[in-house]
Every structure is written in C-alpha cells, then in structure tokens.
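[1] This is a predicted model, with the sequence first.
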Amino acid sequence: MQNTHAPSEINVSLWTDKYFSNTKTIIEHFGDTEVTYAFFLRRPVLCATRLATEWIQTQALHRGIEVSIDVTHEEGEWVGAGEPLFYLSGSFFHLVELETLILQKLGSACVAAYNAYEMCESLPHVAFLAMDARHCAGVDMAEMMAYGVSVGSKAAQCRLKAVGFIGNATDATAHFFWS
C-alpha cells in the first residue's frame with residue numbers, strides 16, 4: 001500500500017527541525033552538492049524501512065527530483081545500534097528538510113517491529129491482536145505502529161515459529177497482517 005498522505009497535504013518546512021531549514025538557507029546561498037545520508041537508530045531494532053522509503057520516493061516524485069535509496073537490510077532483519085538501515089543520496093538542498101520527517105517514519109516503525117518480535121519471542125504460543133489504533137496520536141502513527149508490529153510478528157513467525165500477531169483493530173491497516 002502506498003503511503004496514505006500525499007506530499008501536498010503536509011508542508012514539510014513547517015514540520016522539519018529549524019536546524020535543517022536554516023541549513024537549507026545556507027545551501028541556497030553557498031551552493032548545492034550531492035550528499036549521501038546514512039539513516040540509523042541509536043538502539044537495536046528490526047528493519048522496517050518500507051513506509052519511510054515509500055514516503056521519500058513520493059516526495060521525490062512530487063518535487064521532480066532524483067534520489068537513490070540503498071536499503072541495507074531485509075525487512076524484519078535485526079539491525080544493531082548505529083548500523084545504517086538505508087542510505088539516501090541526492091541533492092542536499094532538496095533532501096535536508098526531509099530528514100526530520102523521514103526519521104519520524106523510520107524510528108517508530110523499527111522500534112515497534114523490535115518490540116513485537118520480543119513479545120512473540122517471550123510468548124511464542126500466544127496469538128496477539130494489534131490494538132495500536134486506540135493508543136496512537138493520529139493516523140500516521142497508527143499506520144507506522146501496525147506496519148512495525150506486522151514486520152516484527154512476521155520475523156518471529158518465520159524464525160521462531162511463533163503464532164505472533166494474527167490480526168489488528170482497523171480496516172486501514174489490516175493489509176499489513178494479511179499480505
């Protein structure tokens with residue numbers, strides 16, 4: 001499923017860290033360059049990068065820019081603290097303000113995947129229902145949590161033969177559990 005929020009629905013510069021907006025102004029003054037970002041988290045997680053990378057691709061298409069994304073781990077694979085989840089290359093000017101929102105979409109999903117895996121590992125014979133929707137701060141978070149939980153559950157089902165998460169609370173995110 002494509003990310004449900006089109007780029008035109010959010011003003012990225014309003015939601016990005018001002019540090020990055022100021023950096024964009026500096027780049028505009030002194031000139032652009034090609035950069036490569038290494039996106040990582042400061043704790044161990046499971047790789048759940050799809051929502052973040054789809055969002056980047058949608059932003060690139062909407063903005064008419066070229067980007068290169070190199071995902072370094074398979075979905076559901078364990079990733080150590082500080083180890084890159086993916087590399088993103090492109091124009092510094094066009095990417096700098098996206099960083100905050102990319103990290104929002106990346107971190108929560110990867111941590112949710114890790115936590116779901118840990119639950120399934122601790123209780124491998126238990127069938128769980130993902131009831132995240134009622135505990136999330138909006139639909140973006142609900143989508144990220146359901147996605148992350150499905151990644152962690154699928155990893156536990158494959159590696160540990162755990163029952164895992166067998167369903168969820170909303171129609172909007174059911175596809176993560178029944179694909």
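    Happy to help now that I have it. Residues are numbered from 1 along each chain as shown.
[2] Show me the helices in this structure, by range?
    Secondary structure of the chain (DSSP state H): helices located at 12-15, 18-30, 50-63, 92-95, 99-122, 139-160, 175-178.
[3] could you dump those to a markdown table with mean neighbour count?
    C-beta here means a position set from N, CA and C on the backbone, and glycine is covered the same way. Shown next, in a markdown table, are those (neighbours: other CB atoms under 10 Å):
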| stretch | mean neighbour count |
| --- | --- |
| helix 12-15 | 11 |
| helix 18-30 | 13 |
| helix 50-63 | 18 |
| helix 92-95 | 20 |
| helix 99-122 | 21 |
| helix 139-160 | 23 |
| helix 175-178 | 16 |
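[4] Looking at these, spot the one closest to residue 43.
    Nearest to residue 43 among the helices of the chain is helix 99-122; the distance by CB to CB comes to 7.5 Å.
[5] For that closest one, C-alpha coordinates in CSV please.
    Below are the C-alpha coordinates for helix 99-122, written out as CSV (Å, rounded to 0.1, in the frame of the first residue of the first chain):
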residue,chain,number,x,y,z
GLU,A,99,15.3,14.4,7.3
THR,A,100,13.1,15.1,10.3
LEU,A,101,10.0,13.5,8.8
ILE,A,102,12.0,10.5,7.5
LEU,A,103,13.3,9.8,11.0
GLN,A,104,9.7,10.1,12.3
LYS,A,105,8.5,7.4,9.9
LEU,A,106,11.6,5.2,10.4
GLY,A,107,12.3,5.1,14.1
SER,A,108,8.8,4.4,15.4
ALA,A,109,8.2,1.6,12.9
CYS,A,110,11.6,-0.1,13.6
VAL,A,111,11.1,0.1,17.4
ALA,A,112,7.6,-1.3,17.1
ALA,A,113,8.9,-4.2,15.0
TYR,A,114,11.6,-5.0,17.5
ASN,A,115,9.1,-4.8,20.4
ALA,A,116,6.6,-7.0,18.6
TYR,A,117,9.3,-9.6,17.9
GLU,A,118,10.3,-9.6,21.6
MET,A,119,6.7,-10.1,22.6
CYS,A,120,6.3,-13.1,20.2
GLU,A,121,9.7,-14.5,21.4
SER,A,122,8.6,-14.3,25.1
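[6] How about the contacts made by residue 19?
    By CB atoms under 8 Å, 6 or more residues apart in numbering, no residues touch residue 19.
[7] Quick check: residue 127 touching residue 163?
    Yes. The pair residue 127 and residue 163 qualifies as a contact (CB atoms under 8 Å) at a distance of 4.6 Å.
[8] who has more neighbours, these two?
    Neighbours were counted for residue 127 and for residue 163 using other CB atoms under 10 Å; residue 163 has more, 16 against 12.
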